[in-house]
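Colleague: With the input below, show me the fold.
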Amino acid sequence: MKKIITFILLGFILTSCASSSNYNNSNIENYTLHIPEITSNGSQKNISQEKTNKKEEIEFKPKFKELSPLEKERINISVVNEDFEKILFIIAKAAGLNLIINDDIKKELPEEKRLITINLNQVTLKTALDIITNLTETTYKIKNGIIYISLYEEKFFDLNFLTSIRSSNYELGGDVLGNEDQKTEEDITTPLKGKIEIKGNTERKNIFDTIKNNIEKLLSKNGQYTLNEYTGTLYIRDKAKNIKTVSSFIKRIKEKYSKQVLIEAKIIEVNLEKKYQLGIRWENILRNNLKDTLHLSSSSSFFWNNSQSFILNLTGNPYFDIILEAIKKYGQIKIISNPRIRTIHGQPAFIGVGKSIAYIKEIKRETTASEGITTVETTIETSSVFDGLIFKVIPYLDKDDNILLSIIPIKSDITKLNTSTIDDYQITLPEINLRETSTVIKTRNNDLIIISGLIMNKEEKNNYSVPIISKAPIIGNLFKSREDLSSKVELVILLKVNLIK
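Modeller: I've put the predicted structure just below:
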C-alpha cells in the first residue's frame, strides 16, 4: 500500500513539474520581463511586463510570367501547297483558342499567296503563327481568347517633331546710294554707286511634309494614313508588310532627330605682330609644339578651303585653352564671342555679335508747282549696316554618328563713315571690310575644328593734343599730333562638336 502511494506521489510531482515547465516556457516566448531599477532617490520603479508579438514569417514566392497558350504548346507541321487557313485552324485548336478570319482576305489575297509549303519541327504555336502570317503577308491579333486574322493592320505613331525647320535670312550692307528706283520725283544722284551686300537664306522645310511624301510612296494601293501635325499623331492602315516598312522609316527619323549636337565656339581676332604678318603658322603649333599635349590622333587633317581660309580638323581630345595659349605668341588676342549652342539634325543655328549703324541712304526732293507757288518736299531715307559677326552652322548626322557641318562665318568691319555733300545735302558713305568663307566639314564626336587664315588690314588714326593750348589760334597746331597705325588682324574660329544622344 505504501509503495502504491509513493508511486502516486512521484507521478503527481513529475506531472506538476512538467506543467510548470510548459507554462514558464510559454511566458518566456510571449512576454519580456523588465528588471526593476533603483533610482537616485532610492525609490524603485514599477515592474512592468510587455507583450511582444511574434514576428510573422513572410513567405516569398517567385512570380512567373503567365505564358500564352501559343507559347506553351509546340507543334510539328509539314505541308506542301496547302491552304494556310487549314493550318491556322489546327494551330487555334491546339492552343484552345477561337479563330476568326476577316473577309478582306478572301476578297483581296491572291490564290498563290494562300498556298504555302513549310516544314516545322517542335516550334511553339506562336512561332508557327508568325511564320505563316509573314508568308501570306497577313496579320493577327489575340483578344479575349480569339485569334483575329486580317489582311490589314492599324497602327498609331507618336511624332514629337517641330512643325517646321527654321527659315532664316541674313543680309549685310545694302545699297549705299539708293539709285535703283526711278520715279517721277527728282532724285539727288551722282555717278557714285555702291552696293555692299551679302545675302543668304535657308529654305523653310516642314518635316511633316517630308514624312507625308515618303509615306505615300511606302503604302500599298489601298493603304490609308492620317497625320495630325499639331498633336504629332500618325495613323496608318495597311498591309503588315507596308506597316513594317513605315515603322522602320519612322524609327530611323526618330533616332536621327532625337540626337542633339552641342557646339562650343570661340571666335577670336589676333592682332598679328610684325614678324607674323602672313598669319598664324598652324603646322608649327600642331605638329611640333602641341601634338603630344593635345593628344591628337592620326586622323587629324589639315587642308586649305580656298585661297583665304585654312581648315583644321583635330581628332582626339583637344582643349581650347591650350590652343589659345599657343597662339598668343603671334599677337594680341581679342575674344569676339564665346557661345554654346545646341541644335539637331538639319536645324540651322545662328550666332550674331555686333552692332547696327544707321546712315543716310537716299535723299529725294519732290517739286510741286501750283498756282504760281512752288513747293519742295524733301524725303530722307536711312538704312543700316552691320558691324560685327554673323555665324551660321547646320549639322547633318549619318548612320555612323559622323557629323557633317555646313559652316558660314561672315565678319564685317566698318572702317569709315565718309560723308559726301550733294546740293547742300550730306550723304553717308560707309566703308566696310568683309571677311567670309563657306565650308562643309565631316567630323566626329569631340573633334575640334579650327577655321583660320581670314586676314585683313586694319587702319587706325589716333589724334593727340594738349588740352586748352591746342585750341589756340595759329600756335594750337604745334600742340597737336596725329598717328596713323596699320596692322593685320586674323580671324580664328574654334569649334568643338559634341554629340548628345
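Colleague: CA only for contacts and neighbour counts going forward, please
Modeller: OK.
Colleague: Mind listing what's buried along stretch 86-106?
Modeller: For stretch 86-106, burial by neighbour count (16 or more other CA atoms under 10 Å) applies to 87-89, 91-92, 95, 97-99, 101, 105.
Colleague: Stretch 380-397 now?
Modeller: Neighbour count says stretch 380-397 has 383-397 buried, by 16+ other CA under 10 Å.
Colleague: Can you convert the buried residues of stretch 86-106 into CSV and add a column each for pLDDT?
Modeller: Formatted as CSV, the buried residues of stretch 86-106 follow (pLDDT from 0 to 100):
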residue, pLDDT
87, 92
88, 93
89, 93
91, 92
92, 92
95, 90
97, 91
98, 93
99, 93
101, 92
105, 89
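Colleague: Which parts of the stretch 1-150 of the chain are strands?
Modeller: 31-33, 49-51, 74-83, 98-101, 115-124, 139-143, 146-150 (DSSP state E, counting those that start in this stretch).
Colleague: longest strand anywhere in the chain?
Modeller: strand 373-397 (DSSP state E).
Colleague: Tell me which other helices or strands that one touches.
Modeller: Contact here means 3 or more CA pairs under 8 Å, 6 or more residues apart in numbering; DSSP states H and E; on that basis strand 373-397 packs against strand 168-175, strand 349-370, strand 403-422.
Colleague: how close does residue 140 get to residue 380?
Modeller: Applying CA to CA, to the nearest Å, the value for residue 140 to residue 380 is 76 Å.
Colleague: Same question for residue 452.
Modeller: Taking CA to CA, one finds residue 452 at 41 Å from residue 380.
Colleague: Could you do residue 453 as well?
Modeller: For residue 453, the distance to residue 380 - CA to CA - is 41 Å.
Colleague: related to what we said a few turns ago, now render the strands of the stretch 1-150 of the chain as a markdown table, adding distance to residue 457.
Modeller: A markdown table is the format used below for those (distance: least, CA to CA, whole Å):
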| stretch | distance to residue 457 |
| --- | --- |
| strand 31-33 | 96 |
| strand 49-51 | 96 |
| strand 74-83 | 83 |
| strand 98-101 | 81 |
| strand 115-124 | 79 |
| strand 139-143 | 72 |
| strand 146-150 | 75 |
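Colleague: Tell me which of these is the most buried.
Modeller: Highest mean neighbour count of these: strand 146-150, a mean of 18 (counted as mean count of other CA atoms under 10 Å).
Colleague: List the buried residues for the next helix or strand after it?
Modeller: For strand 146-150, the following helix or strand on the C-terminal side (DSSP states H and E) is strand 152-158. Within strand 152-158, the residues scored as buried using 16+ other CA under 10 Å are 152-153.
Colleague: Also compute the angle for strand 152-158 relative to strand 139-143, please.
Modeller: Calculated by axes from the mean of the first three to the mean of the last three CA atoms, to 10 degrees, strand 152-158 forms an angle of 80 degrees with strand 139-143.
Colleague: by contact count, what packs against strand 152-158?
Modeller: Against strand 152-158 (3+ CA pairs under 8 Å, 6+ apart) you get strand 233-239, helix 240-257.
Colleague: on contacts alone, who are the packing partners of the first one?
Modeller: With contacts defined as 3+ CA pairs under 8 Å, 6+ apart, strand 233-239 has these neighbours: strand 152-158, strand 224-228.
Colleague: So what are the sheet partners of that strand and their directions?
Modeller: strand 152-158 (antiparallel), strand 224-228 (antiparallel) (DSSP bridges).
Colleague: ok, the nearest residue to residue 351 once chain neighbours are set aside - contacts?
Modeller: Distances taken as CA to CA, 6 or more residues apart in numbering put residue 391 closest to residue 351, at 5.0 Å, once the chain neighbours are dropped. Applying CA atoms under 8 Å, 6 or more residues apart in numbering to residue 391 gives the contacts 350-352, 407-410.
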